[in-house]
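*Asks:* please work out how this folds:
(2 chains, ligands or ions: 2)
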Amino acid sequence: MSTRHSAASYCLGIESTADDFSVGILSFDGDVLANIISAYIPEKGGIHPREAARHHAEVAGNILEKAFQKARIKPQDIQVVAFSQGPGMGPCLRTGATAARALAAYLQVPLVGVNHCVAHIEIGKLVTGAKDPVTLYVSGGNTIVSAFEAGIYRIFGETLDIAVGNCLDVFAREAGLRQDEGVPFGAMVEKMASQGQTFISLPYTVKGMDLSFSGLLTAVIQLLHEGKHRLEDLCFSLQETVFSMLTEVTERALAHTEKLEVLLTGGVAANKRLQSMLSQIADEHNARFCVVPKEYALDNGAMIAWTGILAYQHNMTLPVEESFVKLRWRLDEVYAPWVGG
Amino acid sequence: MLIKKGAEASLYLEEWHNRKVIMKRRLPKKYRVPELDKEIRSYRTIHEPQIIHRAKAAGVPTPTIFMVDIAEATIVMEFINGKQVKQVLDDFSAEERRHLCCLIGNLIGRLHNRGIIHGDLTTSNMILTPRGRVVFVDFGLSEHSIELETRGVDLHLMKTAFQSTHYKYAKESFGMVMEGYAEARGNEAAKHVLEKIREIEKRGRYVSERKEAEV
Ligand SMILES: Nc1ncnc2c1ncn2[C@@H]1O[C@H](COP(=O)(O)OP(=O)(O)OP(=O)(O)O)[C@@H](O)[C@H]1O
Ligand SMILES: Nc1ncnc2c1ncn2[C@@H]1O[C@H](COP(=O)(O)OP(=O)(O)OP(=O)(O)O)[C@@H](O)[C@H]1O
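*Replies:* Ligands and ions are numbered 1, 2, ... in the order given. Coordinates of the predicted model:
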């Protein structure tokens, strides 16, 4: 069913939902020609949307140039420009959208607005070869279990409050873990956890199919400040509890949908313990377990370009005057006619 | 005899002191550390019968609990003789159907009046006995809540169940459910929940059903 396009069809995708600004260039056949990422690293504390947006604006020209160099194509070779239209932080999204509009206008090519969450799933499918998975998407801003059903990526479960990556990050910061160059907080918690021995009971909150992490975070921070437990044990218990919650909801979705693949993506997907839990339930349900490699699991432009191609092939282009960003654009609000068939 | 293997628990139909019972067993999960696994299974094994008792006290027929074995994470309960509402609804006359749906709505209203959210309202989790009682089973996903949102989600699930399994008369049936619900909870409360359900549908979470909802 896949129609082959001339090798000269390319899409450029701009990702800028949060702290990363990234540009990807893909051919319509799904070859990644470039995927350049520039991360904004805050001085301290969490992300400040305005600061991040300023970073994005400053690096945009440079990253675009680098992407063209890497891809070894000329801007004129681009057929379509895609950008992350939401969900995300307003100032960050707007910076990316502005760059995309300008580029599309300059090249006189169509513009496609891409949903960030859909893009994570689509690139995951492209790199792992998964066809129709139950997806667990876990990052600093999102925690979603979804599967495709009747034209949309249906949400089977999601967080009712904070995202799981955020939960790990806040705890790590409270614990005074210092962020080394390029090592995410989640990875530091993982390392600490591997030296944990004693399991400490923490609130486990699964409501139906949805998850809640804020009560658990408060409880574990309180235990931290009481100072009666080893930090290793707290990290271990925190990880065991949150990942068990994620695995339980994913397994339910898997049992309910009877799909044959489990796809793990987002920044937290790098965690080995989470991978091993999910791979166990995948085994038990005779499903294939796929982890998206880091380059494509973190926020990246390639995923936006690829999803842009899929949408473009279904004529889902966006008039410039309708290309406003959507801060709370839900995964299941996106009609995805390119799936299945 | 195993009758259902779910993601969380397995259901067995067994003989137990000369009665037919349902044994619901929560099996250990290998992916969890043993301490957490035990904690979750014991908690739920205790929690589910408690909610079943409270539902009964609210006037909603539920299976009688015969035994709770925390160590084995097993609940032994009365086997309800009858047919799933799912199986009988299609054979009913319009009048019988309206009556049944109204009764179901009334029972849901009673649960909500006591702050109980069933969490899995489908027509296969309701059993119609030969004497015309409707018994609610499977409280595995239930919780305590008096929030409008949670009540809306609970009923929305019921609506979805009608749309997917009984689509021909889903609208009428759900309408009757809401009439029964209003009987139990009052017209104002029912109106508010209905508005909430509309809001939930609009939110996009259930976008695939939006078309039907607007009919
Ligand atoms: N090994 C690991 N174990 C657990 N968490 C990890 C690990 N490595 C990274 N993380 C977490 O992943 C998160 C970052 O992921 P990502 O870049 O996808 O998030 P984001 O920028 O908020 O993305 P999104 O916009 O998709 O929500 C952080 O919370 C980080 O701590
Ligand atoms: N105490 C009980 N007495 C009689 N039947 C029961 C009892 N508890 C559960 N059941 C029945 O067990 C069966 C399996 O449960 P369940 O409804 O979860 O699975 P199902 O029939 O596959 O439907 P679905 O997955 O759509 O909910 C159902 O028919 C349910 O009505």
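
*Asks:* mind listing the strands for the stretch 51-200 of chain A?
*Replies:* Applying DSSP state E, counting those that start in this stretch to the stretch 51-200 of chain A gives strands spanning A:78-86, A:111-115, A:134-138, A:143-149, A:152-158.

*Asks:* which one of those strands is the most hemmed in?
*Replies:* strand A:134-138 (a mean of 29; mean count of other CB atoms under 10 Å in any protein chain shown). No exception for glycine: its C-beta is placed from N, CA and C like everyone else's.

*Asks:* sheet partners, orientation included, of that one?
*Replies:* Neighbouring strands of strand A:134-138 in its sheet, by DSSP bridges, are strand A:143-149 (antiparallel), strand A:261-265 (parallel).

*Asks:* which among these is found nearest to residue A:321?
*Replies:* The minimum distance between residue A:321 and the strands paired with strand A:134-138 falls on strand A:143-149, with 30.4 Å, by CB to CB.

*Asks:* show the average pLDDT along the closest one.
*Replies:* Average pLDDT, strand A:143-149: 95.

*Asks:* ok and that strand relative to strand A:152-158, angle-wise?
*Replies:* 140 degrees (axes from the mean of the first three to the mean of the last three CA atoms, to 10 degrees).

*Asks:* so where's chain A shaky on pLDDT?
*Replies:* Applying pLDDT under 70 to chain A flags the ranges A:1-8, A:44-46, A:341.

*Asks:* 90 instead, please
*Replies:* Along chain A, the parts satisfying pLDDT under 90 run over A:1-8, A:41-48, A:149-151, A:154-157, A:160, A:178-183, A:206-210, A:256-257, A:332-333, A:340-341.

*Asks:* could you do chain B as well?
*Replies:* B:4-8, B:90, B:120, B:140-141, B:153, B:157, B:160-161, B:163-169, B:199-215.

*Asks:* the longest helix anywhere in it - contacts with which helices or strands?
*Replies:* Longest helix of chain B, by residue count under DSSP state H: helix B:34-57. On a contact count with 3 or more CB pairs under 8 Å, 6 or more residues apart in numbering or on different chains; DSSP states H and E, helix B:34-57 meets helix A:231-257, strand B:19-26, strand B:65-69, strand B:74-78, strand B:116-117.

*Asks:* outline the domain layout of the chain.
*Replies:* This is for chain A. What automatic domain parsing lists as the domains of chain A is A:10-121+A:297-333, A:125-294.

*Asks:* if you could check chain B rather than the one you did, that'd help
*Replies:* For chain B, automatic domain parsing gives the domain ranges B:2-78, B:83-214.

*Asks:* center of the chain - which residue?
*Replies:* This is for chain A. residue A:266 (4.0 Å; CA atoms, centre = their mean).

*Asks:* list the contacts for that residue?
*Replies:* For residue A:266, the contacting residues are A:120, A:136-139, A:142, A:165, A:297-298, by CB atoms under 8 Å, 6 or more residues apart in numbering or on different chains.

*Asks:* separation between residue B:174 and residue B:105?
*Replies:* Per CB to CB, to the nearest Å, residue B:174 is found 9 Å from residue B:105.

*Asks:* looking at these two, which one has more neighbours?
*Replies:* residue B:105 (26 against 23; other CB atoms under 10 Å in any protein chain shown).

*Asks:* ok, and the closest non-adjacent residue to that one?
*Replies:* Of all residues not flanking residue B:105 in the chain, residue B:180 sits nearest, at 2.7 Å (CB to CB, 6 or more residues apart in numbering or on different chains).

*Asks:* out of the strands paired with strand A:134-138, flag the one nearest residue A:103.
*Replies:* strand A:261-265 (26.9 Å).

*Asks:* residues near residue 32, how many?
*Replies:* Looking at chain A here, since you left the chain open. Residues near residue A:32, counting by other CB under 10 Å: 22.

*Asks:* that was the other one, I meant chain B.
*Replies:* 23.
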